[in-house]
Structure formats: C-alpha cells, structure tokens
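Asks: Here is a sequence together with a model predicted from it:
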Amino acid sequence: MDVKTRLMSTLAVFQHDLGSLASSWLVRVWLALSGLAVLFVLATQWRVSDDSTLIAQIMFFYLVVPWFLVAIMLGVGPVAGNRAESLSDGVLCRPVTRHEYLLASWAARVIVVLGVFLVVVVPAILLVVFADRPESLFPATCFGILAALFVVCLVLTLQVSLAFLMGTLLRRQMVTVALLAVGWLVSAAVLGAFKLEEFSPFSLSKAMPVLLCQPWREEDRVPDAIEAEKISEMIDSVGSWFGVDAPPPPKKNQYFDREAFADISLWRVSLGYGIPTLLSIGLATLVFCRRDL
Amino acid sequence: MGTGTATSCVLAADRSRSVVVTVPFFIRENGIGNPGLIRKLCIDPAVRGEFSPKGAKIEADRPNNLLGATPVAQEGRLYVDAAIQTERLTKVFGSRLIAVNDMNLFVPKGAIFGLLGPNGAGKTTTLRILLGLQRPTAGRAVVFGRVCGPNAVEVRRSIGYLPTNPQLPGHLRPVDYLDLVGKLCGLRREERKPRIASLIRAVGLLSATSQKIKSFSTGMATRLGIAASLVGDPPLLIWDEPTAGLDPAARRFTLDLIRELGKTRTVVVATHILGDIDQICDHVGVMHEGRMIFSGPMRDMKRRLRRDEFTLEIEADDERLQQLVGGISELDSIVAARATVQTVTVQIAPEHERAAILSEVLKKVTEAGLPLLSIHSGRNETENAYLQLLDEDEAHGFQRFELNSARQTSASHRNASNEG
C-alpha cells in the first residue's frame, strides 16, 4: 500500500477530531472568554505597564490560571469516558492502527489548543508592539516575543499531553481532569517556590518579561534594562533635589520578578517542558497500544 | 509453502472419537491422491494441523461432524478454508470475569453464521477480539489466515463491523460520516464517492442526507451503521445484534439484507434473537458462559431435536372436536388429545414415518369436514434445540470439567514422558 493511502486514514482521524473539537461548545466558549480576558488586560494595563510586562500579563492566563484547566479538559484522551470509547471503537474497528489513531487525536487536540492561544494572543501582541504607546523602558524584542510564544505553546502542549496520558490511563474523564488540575497546581506552586522556571509555569510566568526582552544575539543586547531602571530612578531623585517634578514613574508590577529570572535560558526551558511532553506521548502510546478497549 | 491438501487418511480414521492422524504424505496440487476424496475430507471446527517433512499431522476432535472443505497450508499451519477460526480462545477480565472460555470457533467461508447465546455469553467479547479491540488472554483468533490483534490492519480491512446500537458522531451528516469511514478504509475519492451514494440509497437514507446523525432514530442509526460496515466492501461482515431496537419493518429490511449479502460474502450475526438466526443463518454457533457448546450447520442443530408432536388448530365445537380426536386415536401408533378449546395435539411414535402418519391424520380432518386453521410442530425448532443445548450444558458442566481435566492431565503426562 502506498504512503498516500496509508496516511489517508491518519489524516481522516485528524481532520475529524479537529472538526469535532473546533465545533464543540467548550472551544467556542474558551475562545470567547480568552478574547475578553485579553481585552480586559489591555484596557486596564495599557497606560500602566510597559510592553514586555503587558505581553507577559496577557500570557499569564495561559501559564497560570485559568486556561490550563481548559487545555486539560481538551487533552483528556479520546478514549476516556463511555461515549468517547464507543466513538473510538468506530474508528479502531477500521483499518487504522492504534498509534496512528493516537497520534492523529493528539495532534488535533494540540492544534486546537495552540490555535485558540495564537488566535487570541498574536493580535494582542501586535497591537501592543505597533500601537502608539509611551516609549517603554523594557521593550519586547522580536526574538523575545517569538521565544515567549514558543514557550507558552510548549507548556500548553505539555498540559494536553499529560491530560492525554492520564485520560488513557484512568479512562474516566472527570476524575482525570480533577486529579490533573490539582496535581498541576500543587506541583507548579511547589516548583515555583524554588524559582524553577524550567519546570514551574508559575515561575515561567514571572520570568516572562525578561524572556520578552531578550535579543536574537547576545551582542545586540541593549544596556542592561535593570541598570537602566536604576539610572532612571536616580535621575528622578536628582531632579527632585532641584525642585523639578519628574513625570510619575510607571507603577512597578510586584508579580513579575526581573532580577530573580535574569538568567532565564530558552534552551533550558525548552528541555524542561519538552522532555515531559515527549515522555507523556510515548507512555500514552505504549499504554494505549497494550490495553483493551 | 503452497496450497496443499491432506489426504484421505483422515477418512480412514475412527470417526467416533478424537483422532490424531499423521498423514504419510503431503499432496501438492496435481500430486498424489484422489481429488474426490480430498473434497470429502472432513474438517472440524477443532481441526488443527501441522506440516513436517514427513507429511501433515492433523488433529480433530469430532471428525464425524464436519464440513466438506479444502484445507489450505499457510505459514506451516494447516487451515481449512475458514473465514474465522479461533483456537482455545480465552478472555479473562481483571482475573475476575471469564468472558470467553477456551473457545474454538470455526466459520466457513461464504456462510451466514449465527452466533447465538444469552446475554453475557461472550459473543461481543469474541467479536471484539476478532477486531483487535481486545486482546485474548490465551489462544488466538485467525481471520482469513491472518492472526487478529490491535495492529492487524489487514484483518480489519477484511471485516465490516456493525456494533450493537452503534454510537455515531452526532455532529456529522450521514454522507460525511460514510466519507470518513471510506477514508479510514483507504478508499480513493473516485472510488469512495459513488460507493457512498449507492450505499445511502441502498439503506434507504436518501431522504435523510441533510439531517445530522444526532437526530436519527435507532433504526436509522443502525441502517447507517450497516452502510458504514459495507463501505470498504469487505469479504466478511460481523454484525452484533443488528436487529436490536428495530421496529418490525426495519427488522425485516435488515434480515433481507443479510440474506442478500450472504450470497456474496461471509456474514456473522451475533444475537440472542432466535427468530433471526432461524430465518437467515445456514451455520450456527451457540455460546454459553463463554464456551461454544455447539457449532455446525443449522440443519444439525435442528436435527438434535426431532419433534414427533404436532398441534392442529381446528375450528369446531366441542362435540365434533372430541369425535375427531377419537377418530385420530384409532390410527396406529398415534396418541391424540385435546390441548385447548380449538387445538388437538398429535404425538407420533418415534419409529414411524411422520409424513405418512400425518397425511392419515389430515385425511381424518378432511373427512370430518372441519376447517384446519394451522398446523405446527410445537414450539420453534431452533428455540427448542437452543434451550436443550443450554440445559445440557448446565446439567453436564461438572462432568465436562472432569473430562477436560482428565484429558489435560493425560496429555500433560504424555508430554512429560515424551520429554523424559
């Protein structure tokens, strides 16, 4: 059998799952709420936050709460729950191998989740970058934006993959979602306490403004932003000695911590979330191919 | 190894008990042997065979109850021309529930095979093992010579499966769903589209093509499931309770369709509705508590219960009916009695020719000038045979266990001594 025919069944499952998920109420509601959340952040923080902080605030919903819950719900395996199992029977009793089915279903779920994220966030970022805003002390770089988008996509992929694995193992939708949600929050909080942005999305969220300011090449780095901030504060205080009223400085966001995560590495973060993602997919395939339906 | 046939040596073996025959030579096509005898070779559901340089060793449990089929050699094993064959198939769920218990199933090519059994007998589990949706705990299942398993794509390509009350994706329309199934079967667009159109028409869903599947009734969903099972044009159809939840018209349609499809392909119908099996199947397997307690042609099943009792339904008053009963009773080797107000039961002695005696009885009815409304032989024959099989299985369960244990023990002793 030629490759095209062989791929036809995998593509059919992929397209079907993609269509089913895209037309589901969960995705539609999530898309609408995501859009509203981003609008809310833009409206309230437009004049208060600099570029990188504002973009990091937009991404907060995807890294911390609440959208991880939706990613988990969408990721829970295609064979978790009675109805899903019956539908998967309808596919797997045809000439489709289990790993083809699993790969296609996983890919469809990841693409839907990433699709919603990118559809909402990318226009917002473009708005922040190209809008006529006061010059930022911490401007987001092109590399920083791409890296940040990549990292958030990686975290969302991990969430979907973990849910996929747990759904395949536990076979009960609601139990899987509840267990995974609690486990995700607790582990992220614990690892976050150690400021491990490679493993904790909470820490990663706090480090996001630093990542957003990173240049393509090291030699392109602008004078250290933190130093620049200190100089700016010094000039302000000198001005005040001479009775000159400096414009009110932008309010510092207490959540984001530039100093603690100054050494953030895209490479380490990619490995930190990428390896568990690959492990989850591998284990899910192994479990699914060996078990009864 | 090419196609080959075992010789007439099996015929010479003792047919009344289990046999293990080593065939002294192996006949290739146009080789030694008598083709006529080869055609008559008795093949049992439990036949197993292995080839060696010296010849073929064939093992059969009940060679006297066999079909005339040609064995085919594949990969060093001997298979008859079976669509489905299972060998000691066992499925245990979580060390608690034995769904299928050491089951040997044989479905000849081209048969309409009824898999009969009460709820929980293991029918659906067996079918799911064939499809690779479940793994056997022990034993194996073979479809058209290919071993079944989760990734046995070619096995599933040859099967069109209809589950009980099929769960279909409700957000799709029937054409979209069949198109999806066609893609899953690897059909190209130019092949897929016309087939879908003809199937939609064949199952009578032409007027429902604009509806979403979630709005379908049970009957419509079943018909769509039937169409889906036929999209890949498979040589084997496995339909699990295809008439469950259908109204009489839809049931009739489904049974007619099975009969029609059975002319060109092998059909396996799992059901607990005896009437369906009786109408359409030429072979039957009866499962009970995970075991196959009968497997063979339908006529053999019916033959198990030869009924010598007939019921005549006659429109007459009490007095004339009593006179008729008296008249019939005068006939030799007949016991007649009134059953209800309008029925007379006639019991014919077993050693007598039933047709001749019955014609005498009908002559008496004609002479009495009474209108005969109906005549039937008690309950449905298949139903009787089926219930009798279940009763026997219940009654002899312990005995069978002892027999099997003894057989296995002696076999293990034999093996041990051989190894020694």
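Replies: Looks like it arrived, so ask away. Numbers count the residues shown, from 1 in each chain, chains lettered A, B, ... in the order given.

Asks: Give me the three-state assignment for the nearest residue to residue B:266 once chain neighbours are set aside.
Replies: Spatial nearest neighbour of residue B:266, chain neighbours left out: residue B:83 (4.0 Å); criterion: CB to CB, 6 or more residues apart in numbering or on different chains. To be clear about C-beta, it is placed using only N, CA and C from the backbone, and glycine gets the same treatment. With DSSP: H, G, I helix; E, B strand; the rest coil as the basis, residue B:83 sits in strand.

Asks: Check residue B:270 too.
Replies: Following three-state DSSP, we place residue B:270 in the strand state.

Asks: next one: residue B:160
Replies: At residue B:160 the chain is in strand, as set by three-state DSSP.

Asks: Over to residue B:176?
Replies: What three-state DSSP gives for residue B:176 is helix.

Asks: Below-threshold pLDDT in the stretch 151-293 of chain A: ranges please.
Replies: A:217-255, A:257-262 (pLDDT under 70).

Asks: rerun that using 50 as the cut-off
Replies: Scanning the stretch 151-293 of chain A for pLDDT under 50 picks out nothing.

Asks: Quick one: name the residues of it near chain B.
Replies: A:289, A:292, A:293 (CB under 8 Å from any CB of the partner chain).

Asks: could you say what helices and strands the host helix or strand of residue B:127 packs with?
Replies: Following DSSP states H and E, the helix or strand that holds residue B:127 is helix B:123-130. In this structure, helix B:123-130 packs against strand B:82-93, strand B:97-108, strand B:112-116, strand B:138-143, strand B:236-240, strand B:266-271, with contacts taken as 3 or more CB pairs under 8 Å, 6 or more residues apart in numbering or on different chains; DSSP states H and E.

Asks: So which of those strands is the most surrounded?
Replies: Comparing the helices and strands packed on helix B:123-130 by mean neighbour count (mean count of other CB atoms under 10 Å in any protein chain shown), strand B:112-116 ranks first with a mean of 28.

Asks: and the angle from it to strand B:97-108?
Replies: 160 degrees (axes from the mean of the first three to the mean of the last three CA atoms, to 10 degrees).

Asks: follow-up on the earlier one: which of the residues of the stretch 151-293 of chain A next to chain B are buried?
Replies: residue A:293 (16 or more other CB atoms under 10 Å in any protein chain shown).

Asks: Can you tell me the closest non-neighbouring residue to the residue positioned nearest the centre of chain B?
Replies: The residue lying closest to the centre of chain B (CA atoms, centre = their mean) is residue B:284, at 2.6 Å. Excluding the flanking residues, the one nearest residue B:284 by CB to CB, 6+ apart is residue B:114, at 4.5 Å.

Asks: The helix or strand hosting residue B:390 - what's its average pLDDT?
Replies: Per DSSP H and E: residue B:390 is located in helix B:381-395. Average pLDDT, helix B:381-395: 70.

Asks: Next: stretch B:316-333.
Replies: Mean predicted confidence for stretch B:316-333 is 84.

Asks: What are the buried residues along it?
Replies: Quick answer for stretch B:316-333 (16+ other CB under 10 Å): B:316, B:321, B:324, B:325, B:327, B:328, B:331.

Asks: The last one against residue B:360, yeah?
Replies: Yes. A contact is recorded between residue B:331 and residue B:360 when judged using CB atoms under 8 Å, the distance being 5.5 Å.

Asks: Near chain B, which residues of the stretch 1-150 of chain A are found?
Replies: A:1, A:5-6, A:8-9, A:11-13, A:16, A:19-20, A:23, A:83, A:86-87, A:89-99.

Asks: So which of those residues belong to helices?
Replies: Per DSSP state H, helices hold the following members of those: A:5-6, A:8-9, A:11-13, A:16, A:19-20, A:83, A:86-87, A:89-92, A:98-99.

Asks: Derive a ChimeraX selection command for the buried subset of those.
Replies: Burial among these is assessed by 16+ other CB under 10 Å; the matching ChimeraX selection reads:
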select /A:8,9,12,13,16,19,20,86,87,89,90,91,92,98,99
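
Asks: can you list contacts of the helix or strand residue B:194 falls within?
Replies: Per DSSP H and E: residue B:194 is located in helix B:189-202. Residues outside helix B:189-202 that contact it (CB atoms under 8 Å, 6 or more residues apart in numbering or on different chains) are B:174-175, B:178-179, B:182-183, B:187, B:206, B:209, B:227, B:230-231, B:233.

Asks: Grab the CA positions of it and hand them over as CSV.
Replies: Extracted C-alpha coordinates of helix B:189-202, given in CSV (Å, rounded to 0.1, in the frame of the first residue of the first chain):
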residue,chain,number,x,y,z
ARG,B,189,-12.1,9.7,-3.7
GLU,B,190,-13.2,8.4,-7.1
GLU,B,191,-13.9,5.1,-5.6
ARG,B,192,-15.4,6.4,-2.3
LYS,B,193,-18.0,8.9,-3.6
PRO,B,194,-20.0,6.6,-5.9
ARG,B,195,-20.0,3.9,-3.3
ILE,B,196,-21.3,6.2,-0.6
ALA,B,197,-24.1,7.4,-2.9
SER,B,198,-25.2,3.8,-3.7
LEU,B,199,-25.0,2.7,-0.1
ILE,B,200,-27.0,5.7,1.1
ARG,B,201,-29.7,4.7,-1.4
ALA,B,202,-29.4,1.0,-0.6
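
Asks: ok, then the element right after that helix?
Replies: Per DSSP H and E, the first helix or strand lying C-terminal to helix B:189-202 is helix B:218-230.

Asks: what helices or strands is that next one leaning on?
Replies: By 3+ CB pairs under 8 Å, 6+ apart, helix B:218-230 packs against strand B:159-162, helix B:174-184, helix B:189-202, strand B:236-240, helix B:248-261.

Asks: now, of the ones you listed, which is deepest in the fold?
Replies: Scoring those by mean count of other CB under 10 Å, the most buried comes out as strand B:159-162, with a mean of 27.

Asks: Can you list the buried residues in stretch A:164-183?
Replies: A:164-173, A:176-177, A:180-181.

Asks: Dump those into a markdown table; add distance to residue B:335 as well.
Replies: Shown next, in a markdown table, are the buried residues of stretch A:164-183 (distance: CB to CB, whole Å):
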| residue | distance to residue B:335 |
| --- | --- |
| A:164 | 72 |
| A:165 | 72 |
| A:166 | 71 |
| A:167 | 68 |
| A:168 | 67 |
| A:169 | 67 |
| A:170 | 66 |
| A:171 | 61 |
| A:172 | 63 |
| A:173 | 65 |
| A:176 | 69 |
| A:177 | 71 |
| A:180 | 74 |
| A:181 | 77 |
